[in-house]
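Visitor: Quick one, structure for this:
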Amino acid sequence: MADSHGLKNIMEDLVFEKLEEIMTKLASCQCENCKMDSAAYALNHLPPKYVVSDRGELISRTQYMDKGQYEMDVTMAVINGVSKVMEHPRHDD
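Guide: Residues are numbered from 1 along each chain as shown. You can find the predicted model right below:
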């Protein structure tokens, strides 16, 4: 496995890992538009966390897991994003 995979914002992965769980709990629409809009909202309200290697990603994810505040921040941003999209979805019912 190569150590470099280019520039990557691991916050995207963290948001998408929480997204389905939150959407299910809030009984929101899970169409692709609503998923992407919710993720975009959350990511726009979180600081980016860029890495350039697999090792950097592993270290950053470990630090994220060790700090409950990061997980809470991601969870709250996703909840807020899903709630906003539920109020104003970009599709017809």
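
Visitor: What score does Cys31 have for pLDDT?
Guide: At Cys31 the predicted local confidence, pLDDT, stands at 95.

Visitor: which residues touch it?
Guide: Counting by C-beta atoms under 8 Å, 6 or more residues apart in numbering, Cys31 makes contact with His91. Bear in mind the C-beta positions are built from the backbone N, C-alpha and C, glycine included.

Visitor: how about it, phi and psi?
Guide: Taking degrees, to the nearest 10, you get phi -70, psi 160 for the backbone angles of Cys31.

Visitor: quick one: it from Met86, how far?
Guide: For Cys31, the distance to Met86 equals 12 Å [C-beta to C-beta, to the nearest Å].

Visitor: Assign Leu7 to helix, strand or coil.
Guide: Following DSSP: H, G, I helix; E, B strand; the rest coil, we place Leu7 in the strand state.

Visitor: tell me which element the residue positioned nearest the centre of the chain is part of?
Guide: What sits nearest the mean C-alpha location of the chain, by C-alpha atoms, centre = their mean, is Val15, with 1.1 Å. Assigned by DSSP states H and E, Val15 falls within helix 10-25.

Visitor: right, and the helix or strand after that helix?
Guide: Once helix 10-25 ends, the next helix or strand along the chain (criterion: DSSP H and E) is helix 32-44.

Visitor: Between helix 10-25 and that next one, find me the angle.
Guide: Using axes from the mean of the first three to the mean of the last three C-alpha atoms, to 10 degrees, the direction of helix 32-44 lies 130 degrees away from that of helix 10-25.
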